[in-house]
Structure formats: structure tokens, C-alpha cells
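Undergrad: One predicted model, sequence on top.
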Amino acid sequence: MADNQELTSGAYIDKVNQKDDKAKNMNKHSTVKTILLGSIIPILLIIAWELVCRAGIVPSYQLPAPSTIVEKIYNMAQDGTLWGHIGITTYRVFVGFILGTVIAIILGSFVGFYKKAEQLFDPLIQAFRSIPSLAWVPLFILWMGIGETSKIVMIAIGVFFPVYLNIVSGIIGVDRKLIEVGKMYGLNTFQLIKRIILPASMPSFLVGMRSGLGLGWMFVVAAELMGASQGLGFLLTFGQNMAQPETILASIILFAIIGKFTDWILKKIETKSLHWQDRMGQ
């Protein structure tokens with residue numbers, strides 16, 4: 001009898017493992033399929049771009065061919081200058097992103113939990129949100145000079161607003177009935193936050209982080225206009241001053257690739273954090 005139970009238990013475990021392996025293989029297949037599908041339009045555009053440039057329809061001093069841009073990136077990688085530009089820009093975005101997100105979490109949680117705090121702080125924050133990024137540049141140069149501090153603070157401001165807005169809306173949007181049910185079960189304030197408010201507002205918070213990271217990559221360009229001697233934003237102005245469109249486009253393409261890669265990382269974190277959700281497209 002015991003042997004039969006062991007066989008049954010072993011067969012069940014094997015069946016579960018087979019299902020897990022099948023699910024993993026399906027996920028891998030889905031990921032590859034998504035990548036291939038998402039690559040079709042960019043590849044077609046690059047081919048068309050190359051053909052237009054080689055046919056001489058657009059002069060090379062206005063729009064260089066993709067092959068020329070790739071050659072420029074390769075040459076910068078070979079002489080070592082590329083990695084310095086990518087490294088310092090990524091560092092600025094990373095530090096600014098962390099700083100802006102932490103401040104947004106603290107202030108957004110405070111405003112979201114307390115109605116009086118929302119009435120006190122939110123009007124001023126919304127007013128600051130309307131200020132264009134470039135408007136901060138002369139003020140930050142005056143206050144903090146052209147060092148790293150002013151650049152990182154500039155990026156942190158760009159990251160702060162979308163993260164703050166999504167945290168506040170996520171907390172305010174929690175179903176009041178869920179909180180009432182939690183209170184009926186005797187949950188204290190900390191338990192309500194941990195078990196109900198945090199999971200319910202997490203999707204909005206993660207969307208805010210992705211939006212904030214995207215704005216961080218946009219604000220770093222404005223930040224690197226503040227007297228930077230290195231960085232992808234510096235390459236943009238250098239290419240403009242030296243009449244090198246291939247340098248400008250190389251910088252833009254690198255921004256797009258690195259920005260997409262960092263967004264992909266956050267999306268993976270979002271998917272793993274929200275695995276409990278039964279969402280469309282899963």
C-alpha cells in the first residue's frame with residue numbers, strides 16, 4: 001500500500017514538473033516571438049533608410065546612412081571614448097532616478113494617505129510640474145554650478161513627478177470596501193498598508209517608475225547641456241558644433257537602445273511583482 005502511495009505521489013510530482021517545464025518553454029517561445037515581431041518595423045526602416053542614402057536621394061551631410069552611423073559607433077568603441085560617454089550618462093540617470101523615486105515615494109505616500117496633506121502640498125507640486133525642464137537649467141547653474149550635483153538634481157526632478165502622481169493616484173484609488181473589510185478582520189494600520197494598500201497601489205507605482213525612468217533619459221539631455229564635457233548629451237552638442245550628423249544620430253540611437261534596455265528591466269520587475277494579477281495579454 002505504501003509503495004502504491006509513493007508511486008502515485010511520484011507520478012503526481014513528475015506531472016507537475018512537466019507542466020512547469022511546458023509553461024517555461026511556452027514563455028520562452030512567447031518572448032522570442034515578441035522580440036522577432038517587434039524587430040520587423042525597425043529592420044524595414046533601416047533597410048529603407050540605407051537604400052535612400054545610397055541612392056543619393058538625401059545628401060549625406062544631412063542624413064548619413066545607417067552603415068556610416070554604425071561605423072562611427074564602432075570607431076568610438078575601439079578608441080574607448082564611447083564607454084566613457086555611456087558610463088557617465090547612465091550613472092547620472094541611475095542616481096537621479098533613485099533620488100527622484102525615493103523622494104516621490106515619501107511625499108507621495110504622505111499625500112496619498114492624508115487628505116489634508118494632499119490639500120496642502122498637491123497644488124504647489126502640480127504648479128512645479130508645469131515648468132519646462134530647460135527652465136531649470138540657468139537656475140541650477142546659478143545655485144549649484146556646472147558640476148554633477150546640478151545634473152543629478154535636474155534628472156531627479158524629471159523622475160519625481162510621474163512617480164509621485166502614480167503613487168498618489170494608486171493609494172487614493174484603493175477600493176474603500178477592501179479597507180473596511182480589513183478593519184473588520186482586525187488589521188491595524190501597518191497591516192492594512194502591507195496587505196491591502198501596498199498590493200493594490202503597486203501596479204500604479206510600477207507604471208510611474210517606468211514613466212519616471214523615461215523622463216530621466218529625456219532630462220539627462222537637458223542636464224548635460226549644463227557645461228558637460230562627457231556624456232551622450234555632450235555628443236549631441238559636439239556633433240552639432242562640428243557639423244557631424246553621424247555623431248548626433250549615433251548619440252540618439254544609443255539613447256534609444258539604452259533607454260529601451262532599462263525600460264525592459266523595469267518591465268521584467270513589474271511582471272514578476274504583479275504575477276498574481278490576471279491581466280490581459282498574459
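TA: Thanks, I have it. Residues are numbered from 1 along each chain as shown.

Undergrad: Show me what secondary structure element comes after the helix or strand bottoming out on mean pLDDT in the chain.
TA: Within the chain, no helix or strand scores below helix 2-54, which has a mean of 68 by mean pLDDT, DSSP states H and E. Counting by DSSP states H and E, the next helix or strand C-terminal to helix 2-54 is helix 66-79.

Undergrad: where are the low-confidence patches of the stretch 101-250 of the chain?
TA: By pLDDT under 70, the stretch 101-250 of the chain has no low-scoring segment.

Undergrad: what about Ile35, how many residues close to it?
TA: 9 (other Cβ atoms under 10 Å). Heads up, the C-betas are built off the backbone N, CA and C, glycines and all.

Undergrad: Correction: the previous question concerned Ser109.
TA: As a burial measure, Ser109 scores 21 neighbours (other Cβ under 10 Å).

Undergrad: What helix or strand is it located in?
TA: Short version, using DSSP H and E: Ser109 is in helix 81-113.

Undergrad: could you point out which element follows that helix?
TA: Next element after helix 81-113 (DSSP H and E): helix 115-129.

Undergrad: tell me which residues in that next one are buried?
TA: 118, 121-122, 125 (16 or more other Cβ atoms under 10 Å).

Undergrad: what about Leu213, distance to Leu139?
TA: To Leu139, Leu213 is 24 Å away according to Cβ to Cβ, to the nearest Å.

Undergrad: cool, and Glu180?
TA: Taken as Cβ to Cβ, the span from Glu180 to Leu139 is 47 Å.

Undergrad: Please apply the same query to Leu274.
TA: Leu274 is 39 Å from Leu139, by Cβ to Cβ.

Undergrad: ok and the host helix or strand of Gly214 relative to helix 81-113, angle-wise?
TA: Per DSSP H and E, Gly214 falls inside helix 198-223. Computed by axes from the mean of the first three to the mean of the last three Cα atoms, to 10 degrees, the angle separating helix 198-223 from helix 81-113 equals 140 degrees.

Undergrad: Count the neighbours of Pro203 for me.
TA: Pro203 has 17 nearby residues by other Cβ under 10 Å.

Undergrad: Within its local environment, how many residues does the nearest residue to it once chain neighbours are set aside see?
TA: Spatial nearest neighbour of Pro203, chain neighbours left out: Leu274 (5.9 Å); criterion: Cβ to Cβ, 6 or more residues apart in numbering. Counted with other Cβ under 10 Å, residues neighbouring Leu274 total 14.

Undergrad: And for Pro66?
TA: 18.

Undergrad: does it really touch Ile46, like I thought?
TA: Yes - in this structure, Pro66 is within contact of Ile46 by Cβ atoms under 8 Å, at 5.1 Å.

Undergrad: ok, Leu206 - contacts?
TA: Taking Cβ atoms under 8 Å, 6 or more residues apart in numbering, we find Leu206 in contact with 266, 269-270, 273-274.

Undergrad: Over to Gln244?
TA: Taking Cβ under 8 Å, 6+ apart as the test, what Gln244 contacts is Phe238.

Undergrad: do the same with Ile179
TA: With Cβ under 8 Å, 6+ apart, Ile179 has these contacts: 192, 196-197.
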